[in-house]
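Chemist: here is a sequence with its predicted model. Questions after.
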Amino acid sequence: MKQTEHQRVVVAQRGGPEVLRVVQEPRPEPAADEVRVKVLAAGISGLDLMMRRYRFPGFPKVPYTPGVDVVGVADKTGEDVSTVESGQFVAALLGTQGGYAEYVCVPAEKAVPVPADLDPVEVACVVANYLTAYSMMHRAAGVESGDRVLIQGAAGGVGTALLELGSLSDLEMYGTASAHNLELVSSLGATPIDYRSEDFVERIRSLTGDGVDVVFDPVGGGRQLRRSYQTLRTGGRLVWFGVAATSRSGVRVIPATLATRTLLALIPDGKKAPMPKDIDKPNDWYRSSLATLFDYLATGKIKPIVAASIPLTEAARAHALLEAGGVGGKVVLVTEES
């Protein structure tokens with residue numbers, strides 16, 4: 001491969017992990033307000049899998065390159081960029097696709113400095129997952145010390161982030177997971193609930209008496225949201241942030257999920273169903289929150305669970321691993337330079 005070229009992963013058509021292709025092409029050139037990042041690590045999310053498999057309004061058209069969070073070194077800066085220097089260790093939440101590549105151009109205002117001694121793979125876990133968890137806890141749910149929270153999908157990338165950040169906020173935590181991840185959930189400070197063998201609504205009632213203050217639900221689907229809502233006590237908040245149910249039922253659950261959340265928010269019973277706020281806007285909150293999370297990582301307050309780090313060129317294998325289910329933590333793609 002020529003020194004002016006790089007590799008990126010492309011979704012050639014809708015389908016399973018096998019539709020991911022690695023292409024070789026000239027490296028992108030940054031616009032005047034952009035930074036070209038030499039990627040060291042890029043996160044994989046459930047949204048990446050859903051967009052790859054299904055056609056739905058708002059999803060990118062094929063062909064495209066997946067990936068919304070990257071960590072790497074600023075390789076080249078546009079002529080108007082003054083906030084980032086070449087050679088600086090940075091991370092960015094893209095807000096669009098494109099992260100599965102050896103080089104990617106990002107708006108300079110989205111490139112946040114990273115302490116030089118941090119592990120790029122662990123930083124990749126923080127960028128999307130912990131920022132999502134941090135926003136939901138403090139902006140959507142407004143948690144306070146001592147609050148009871150139920151975290152659905154607690155062993156996943158965002159779930160484990162919620163557990164770690166919840167411990168820092170002194171929350172009383174309960175988490176659903178499959179049987180082989182219950183020990184992981186327990187080790188992160190929550191009372192584990194096996195969602196396959198236990199009725200989580202009844203279990204929460206028996207454990208708490210009157211329910212929880214907050215539920216974080218990444219599963220979606222009408223029935224799931226209604227059941228999560230049933231675990232709330234008066235004044236409780238249901239924060240829905242994903243549609244993992246598409247892995248079983250396809251994208252038809254998305255309209256049902258949206259409709260159910262809207263209806264629940266209208267019920268005058270003292271409970272709420274707030275929508276999470278956007279986390280990828282390059283504003284003061286975005287930059288200061290990532291800086292806070294990187295400080296937590298540097299000082300050992302958080303320790304992301306890395307399920308697997310897999311070479312970029314084996315993205316199809318990484319997708320297959322995550323799609324199989326039961327993965328504890330975050331799956332991360334790494335380049336040869338990491």
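Modeler: Happy to help now that I have it.
Chemist: ok, Ala116 - contacts?
Modeler: Applying C-beta atoms under 8 Å, 6 or more residues apart in numbering to Ala116 gives the contacts Phe89. No exception for glycine: its C-beta is placed from N, CA and C like everyone else's.
Chemist: is it in a helix, a strand, or coil?
Modeler: Put simply, Ala116 is coil when judged by DSSP: H, G, I helix; E, B strand; the rest coil.
Chemist: could you do Arg196 as well?
Modeler: Arg196 - assigned by three-state DSSP - is coil.
Chemist: same question, Val9
Modeler: Following three-state DSSP, Val9 is assigned to strand.
Chemist: count of neighbours near it?
Modeler: Look at Val9: counted by other C-beta atoms under 10 Å, it has 26 neighbours.
Chemist: cool, and Gln88?
Modeler: 18.
Chemist: just want the phi and psi numbers for the closest residue to it other than its chain neighbours.
Modeler: Nearest residue to Gln88 in three dimensions, chain neighbours excluded: Ala74, at 4.6 Å (C-beta to C-beta, 6 or more residues apart in numbering). Backbone torsions for Ala74, taken as degrees, to the nearest 10, come to phi -60, psi 120.
Chemist: who touches Ala74 in this structure?
Modeler: 35-38, 84-90, 111.
Chemist: the helix or strand bottoming out on mean pLDDT in the chain: what's the following helix or strand?
Modeler: The least trusted helix or strand in the chain, going by mean pLDDT, DSSP states H and E, turns out to be helix 246-249, with a mean of 78. Following helix 246-249 in sequence order, the next helix or strand is helix 253-266 (DSSP states H and E).
Chemist: packing partners of that following helix?
Modeler: For helix 253-266, the packing partners by 3 or more C-beta pairs under 8 Å, 6 or more residues apart in numbering; DSSP states H and E come out as helix 222-230, strand 232-240.
Chemist: tell me the mean pLDDT over the last one?
Modeler: The one in question is strand 232-240. Strand 232-240 shows a mean pLDDT of 97 in the predicted model.
Chemist: could I get it in PDB with only the CA atoms?
Modeler: What follows is strand 232-240, C-alpha atoms only, in PDB (Å, rounded to 0.1, in the frame of the first residue of the first chain):
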ATOM      1  CA  LEU A 232     -41.100   3.000  38.500                       C
ATOM      2  CA  ARG A 233     -42.300   4.500  41.700                       C
ATOM      3  CA  THR A 234     -44.200   7.800  41.800                       C
ATOM      4  CA  GLY A 235     -41.900  10.500  40.500                       C
ATOM      5  CA  GLY A 236     -39.800   8.000  38.600                       C
ATOM      6  CA  ARG A 237     -38.200   8.500  35.200                       C
ATOM      7  CA  LEU A 238     -38.000   6.100  32.300                       C
ATOM      8  CA  VAL A 239     -35.000   7.000  30.000                       C
ATOM      9  CA  TRP A 240     -35.200   5.100  26.700                       C
END
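Chemist: packing partners for it?
Modeler: strand 212-217, helix 222-230, helix 253-266.
Chemist: those: lowest mean pLDDT?
Modeler: Lowest mean pLDDT of those: helix 253-266, a mean of 92.
Chemist: residues in contact with the following helix or strand past it?
Modeler: Proceeding N to C from helix 253-266, the next assigned helix or strand is helix 284-298, under DSSP H and E. Helix 284-298 has contacts (C-beta under 8 Å, 6+ apart) with 91, 93, 110, 112-115, 117-118, 122-123, 126-127, 130-131, 134-135, 139, 168, 279-280, 301-304.
Chemist: quick one: buried residues of helix 284-298?
Modeler: Across helix 284-298, burial judged by 16 or more other C-beta atoms under 10 Å covers 285-287, 289-290, 293-294, 296-297.
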